[in-house]
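Visitor: Test case, fold it:
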Amino acid sequence: MSNPYQPPTPYGEPYPAQPSGPFPPQSAWPYGAPQLRVPSDLAVGAIVVASVLTFVQVVITIASWPAAESYRQAAADGVPAWDVFTVYDGLTILLFPSMIACYVVTCLWLSRCRSNIDTFAPHRHHARSRFWVWLCWWVPIVSLWFPFQVVRDVQVADPSGRPPVRLGWWWTGWLTYQILSQGTGRMTSTDGVMSEGVATALPVLETIATVALVVALVRWVAIVRRTTEGQRYLAPQ
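Guide: Take a look at the predicted model:
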């Protein structure tokens with residue numbers, strides 16, 4: 001049994017998608033082979049909600065620059081950051097529902113992909129069991145690499161020999177965004193007076209977070225499309 005806390009394959013080394021065959025013999029399904037349900041609609045949904053989240057983050061970043069001036073003025077007046085409310089603060093409220101939508105739709109898509117593989121290619125090895133599809137994103141510590149492994153393991157090898165999409169840039173961008181987003185959230189929710197230096201750094205950090213999220217989105221679109229396309233190769237020939 002492999003170590004459940006073993007980190008994923010280094011980002012610089014492409015992880016080869018596992019072959020989809022051989023398929024279970026027809027006799028394995030006494031009532032006929034099950035129908036392959038390619039999660040095309042869920043794939044579109046996963047891309048849409050990820051795009052919405054990125055759009056919200058872009059708008060937040062734009063609003064963070066004038067907000068920084070308000071925080072600097074509050075710091076000069078000795079007003080706690082918690083008592084300052086700007087357009088930026090109002091927009092950050094939209095992050096929570098956007099994140100929830102991304103989580104639900106993405107996990108539904110991954111669950112369908114995993115279910116197809118378990119049905120049509122039961123010999124396939126997965127680093128994580130099925131319940132981690134839903135838990136891996138928010139369980140502390142393991143959320144740093146379990147989602148990477150879950151997404152990696154639902155990729156199916158292309159019969160034409162086309163290599164799978166590399167996950168490194170997507171995962172690096174997503175982790176960078178998550179870390180910076182949590183950091184800026186703590187900066188603006190403190191009950192103390194925000195220093196002028198911190199206020200100046202706020203929009204800079206938001207900008208870096210947005211760039212990281214855009215990079216992650218571009219790679220995510222490719223990952224979702226290629227993975228969904230690969231699901232078609234699971235059908236018995």
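Visitor: got a list of what D118 touches?
Guide: R124, R130 (Cβ atoms under 8 Å, 6 or more residues apart in numbering). For glycine as for every other residue, the C-beta is placed from the backbone atoms N, C-alpha and C.
Visitor: Okay, and it sits in which element?
Guide: Assigned by DSSP states H and E, D118 belongs to helix 95-120.
Visitor: Distance of the closest residue to A76 other than its chain neighbours relative to W82?
Guide: Spatial nearest neighbour of A76, chain neighbours left out: E196 (7.2 Å); criterion: Cβ to Cβ, 6 or more residues apart in numbering. Using Cβ to Cβ, to the nearest Å, E196 is found at 17 Å from W82.
Visitor: Give me the number of neighbouring residues for V87.
Guide: Residues within reach of V87, counting by other Cβ atoms under 10 Å, total 15.
Visitor: circling back: buried set for the helix holding D118?
Guide: Along helix 95-120, these residues count as buried under the neighbour rule (16 or more other Cβ atoms under 10 Å): 98-99, 101-102, 105-114, 116-117, 119-120.
Visitor: re earlier: backbone torsions only: list them for the residue nearest to A76.
Guide: Dihedral pair for E196: phi -60, psi -30, per degrees, to the nearest 10.
Visitor: Surely I47 touches V221?
Guide: Yes. With contact defined as Cβ atoms under 8 Å, I47 counts as touching V221 (5.5 Å).
Visitor: what about those two, which has more around it?
Guide: Between I47 and V221, counting by other Cβ under 10 Å, I47 is the more crowded of the two (20 against 17).
Visitor: I'd like the average pLDDT over the helix or strand harbouring V224.
Guide: Secondary structure from DSSP H and E places V224 in helix 196-231. Averaged over helix 196-231, pLDDT sits at 96.
Visitor: now do stretch 102-117
Guide: Average pLDDT, stretch 102-117: 97.
Visitor: and what of stretch 172-180?
Guide: 98.
Visitor: then it to PDB, C-alphas only?
Guide: Presented in PDB, the C-alpha positions along stretch 172-180 are these (Å, rounded to 0.1, in the frame of the first residue of the first chain):
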ATOM      1  CA  THR A 172       1.300  26.300  -9.100                       C
ATOM      2  CA  GLY A 173      -1.000  29.100 -10.100                       C
ATOM      3  CA  TRP A 174      -3.900  27.900  -8.000                       C
ATOM      4  CA  LEU A 175      -1.800  27.400  -4.900                       C
ATOM      5  CA  THR A 176      -0.200  30.900  -5.400                       C
ATOM      6  CA  TYR A 177      -3.600  32.400  -5.700                       C
ATOM      7  CA  GLN A 178      -4.900  30.600  -2.600                       C
ATOM      8  CA  ILE A 179      -2.000  31.700  -0.400                       C
ATOM      9  CA  LEU A 180      -2.100  35.300  -1.500                       C
END
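Visitor: Distance from that stretch to the middle of the chain?
Guide: For stretch 172-180, the separation from the chain centroid amounts to 10 Å (computed by Cα atoms, centre = their mean, to the nearest Å).
Visitor: Residues touching that stretch, excluding its own?
Guide: Defining contact as Cβ under 8 Å, 6+ apart, one finds that stretch 172-180 is touched by 11, 57, 144, 205-206, 208-210, 212-217, 219-220.
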